[in-house]
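Colleague: quick one: sequence and predicted model below, then my questions.
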Amino acid sequence: MQPAPDQGRIRQIFRQNLPLATVLKKTIWKHASEIREREKCNIIKIMNFCGTHEWTTTRYGIRDLLPPFLDMVAGPGCPVCVTPAYYVDIAVKLASEGVRVFTYGDVLKLRSVSSSYPASLEEARANGGDVKVVYSFLDALKDAQKYKKNSIFFAIGFETTAPSYALLLRDGMVPENLKILNALRLTPPAMRHTINLYQERGLLPIRGVIAPGHVSTIIGASEWNFLPEEHGLPTVVAGFEPIDVLLATAQILLMIRDNRPATEIEYRRLVRWEGNPYAKNAIKEIFEKADSAWRGLGIIPRSGLRLRGEFFDNYDALEYFDIPDVKPGDAVKESYKLEYDIPTSCKCGEVVVGISKPVECPMFMKRCTPTEPWGPCMVSSEGTCNVWARQRTKIPVISGQGAGD
Amino acid sequence: MCWGVPAKVISVSGRTATVDLGGVRREVLAGFEEISPGQLVMIHAGVAIGSMSQEDVVANIAIYRDLIEEELIDSGLDEVSARKKANEEMNRLLVLFGIEKSNDGIPAGEELKGDSSG
């Protein structure tokens, strides 16, 4: 099969890297065609774990450059999407009861499911609730020091955000009136869960993984070795430029073609095999791994971070306000059902692991839009539905510096 | 929230650093030990999660240069011209990745090897 005649598109996206983009495109077509021919397969599926990789892939129309039988699917790498509705309910409830809730901006529109309270933190704020959007935990901490009354930080995020809590707690810089509503999640267990889910459901398997760049800056690329070693999956830790995603795709296809799965680092300007030991040590000192709930996916073993010992006693918001957490075996689990977690008719539970595409959801761009999101994948700029929705109106331009998990 | 932004470190004070985010100055948490003024760092949710050195960038993009060089030779250019043109392309990448380029883009004396094996 010959590459589609889309030199104009490449020129538009890769103005500054035209020769390289052209070479990579040809390489990708060549390797993918060889694999397809050899294996007599109709589709080769590659997963980009991270929401920002999905953003780059969609925003710059990278799928248009790839063979139609190369299916780039998005994985569960959007922390806002996978935060259980139960925690949103708690944040909304506390904000409505006079507790100051600090949050990142992209969490504001995330919908709660309980009908007893406002539908989101944004609505709670409009109704007089004390909700403050901050840039970072550091900024929330400074505000809480002056405020002196009860406040919580809605700690949504992956391994990249964990160091801010760990370093500041370790150094005793967090005032005791600031509690942490802890929704911190770990990415490798979610990737493992996703691979298993495809196997259990007998779905067309994922053949390679583009692993998150910024998460790997913290945890180290070696944390992804289980993918090639246990699942035979070529894995490339990639940056967030369009050229990074193209190169990672080419590297994965080459490994599939040669049947030599391994972990490789494409994002060498930031990622090391061992990660960031300073941040990792602080995280280990302050947190321990715990079985944790993912919205739409249920409980995933050892996939979250729980505060240890005295830090849990002094700073955990659920502990302080005497609210039960979602854990296997708890009574809460009985009320923690997936049908509760995902709004009616929303397919985010499948979109978040790449089983369904946003356009396959009956709510997409009808009841559910970026301005009025219904499902969690439409809320954040890293959510697959949000990325797909916004792409409709954007004109491709050259990317700036990298971004993402 | 998870958007990463590169920034230049202006000053360091204990646990925090003041960085320049494309003209905007902001106090961030130092997320690694060897942070110092002048460094190019990646900022993520208010934390400097890692630094990027020119050497890292060059190592990262060496494979890009070799790929371009190969393509240029394939298209009929001689090896010397292909290498020169590929190096010019690298200049553009160094700028794109936020690294100040040296006079000829690739640091003098650097012998670049394409290697994607990690």
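Modeller: Yep, it's here. Numbering: from 1, shown residues only, chains lettered A, B, ... in the order given.

Colleague: so A:R306 is in which element?
Modeller: strand A:298-307 (DSSP states H and E).

Colleague: C-terminal to that strand, what's the next element?
Modeller: helix A:309-315.

Colleague: what's the following helix or strand after that following helix?
Modeller: Following helix A:309-315 in sequence, per DSSP H and E, is helix A:317-320.

Colleague: which parts of the strand holding A:R306 are buried?
Modeller: A:298-300, A:303-307 (16 or more other Cβ atoms under 10 Å in any protein chain shown). Every residue, glycine included, has its C-beta placed from N, CA and C.

Colleague: how much space between A:L121 and A:N127?
Modeller: 11 Å (Cβ to Cβ, to the nearest Å).

Colleague: quick check: residues of the stretch 251-400 of chain A near chain B?
Modeller: Within the stretch 251-400 of chain A, the positions adjacent to chain B are A:251, A:262-271, A:273, A:276, A:278-279, A:380-382, A:398 by Cβ under 8 Å from any Cβ of the partner chain.

Colleague: what about those residues, which are in strands?
Modeller: When these are checked against strands (DSSP state E), the matches are A:263-265.

Colleague: how about TSV for the residues you listed, with distance to A:G220 and neighbour count added?
Modeller: Below are these laid out as TSV (distance: Cβ to Cβ, whole Å; neighbours: other Cβ atoms under 10 Å in any protein chain shown):
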residue	distance to A:G220	neighbour count
A:T263	10	25
A:E264	14	24
A:I265	10	29
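
Colleague: how does chain B divide up, domain by domain?
Modeller: Segmentation of chain B into domains, based on automatic domain parsing, reads B:4-52, B:55-96.

Colleague: per-residue confidence for residue 3?
Modeller: In the absence of a named chain, chain A is used. At A:P3, the predicted lDDT confidence score is 42.

Colleague: try chain B instead
Modeller: For B:W3, the model assigns a pLDDT of 67.

Colleague: and B:L21, by the same measure?
Modeller: At B:L21, pLDDT is 76.

Colleague: got any ranges where the stretch 301-405 of chain A has weak pLDDT?
Modeller: A:327-340, A:392-405 (pLDDT under 70).

Colleague: in stretch A:148-156, what's buried?
Modeller: Here stretch A:148-156 shows A:150-156 as buried, counting by 16+ other Cβ under 10 Å.

Colleague: should've said stretch A:229-242
Modeller: Buried, per 16+ other Cβ under 10 Å, within stretch A:229-242: A:231, A:233-242.

Colleague: that stretch spans what distance, first to last residue?
Modeller: Start-to-end span of stretch A:229-242 (Cα to Cα, to the nearest Å) is 28 Å.

Colleague: quick one: is that stretch near chain B?
Modeller: Yes: Stretch A:229-242 comes into contact with chain B (Cβ under 8 Å from any Cβ), by way of A:239-241.

Colleague: for the residue in chain B that chain A sits nearest to, what are its contacts?
Modeller: Of all residues in chain B, B:G46 sits closest to chain A, at 2.2 Å by Cβ to the nearest Cβ. Residues near B:G46 by Cβ atoms under 8 Å, 6 or more residues apart in numbering or on different chains: A:135-139, A:164, B:26, B:28-29.

Colleague: excluding its backbone neighbours, what's nearest it?
Modeller: A:S136 (2.2 Å; Cβ to Cβ, 6 or more residues apart in numbering or on different chains).

Colleague: tell me the residues of the stretch 101-250 of chain A that contact chain B?
Modeller: So the stretch 101-250 of chain A meets chain B at A:104-107, A:135-139, A:156-158, A:160-161, A:163-164, A:167-168, A:171, A:173, A:213-214, A:217-218, A:221, A:239-241, A:243, A:247 (Cβ under 8 Å from any Cβ).

Colleague: of the residues you listed, which belong to strands?
Modeller: Among these, the members falling in strands (DSSP E) are A:156-157.

Colleague: next, give phi and psi for whatever residue of the stretch 251-400 of chain A ends up closest to chain B.
Modeller: Across the stretch 251-400 of chain A, no residue is closer to chain B than A:R268, which sits at 3.7 Å (Cβ to the nearest Cβ). For A:R268, the backbone dihedrals (degrees, to the nearest 10) come out as phi -70, psi -20.
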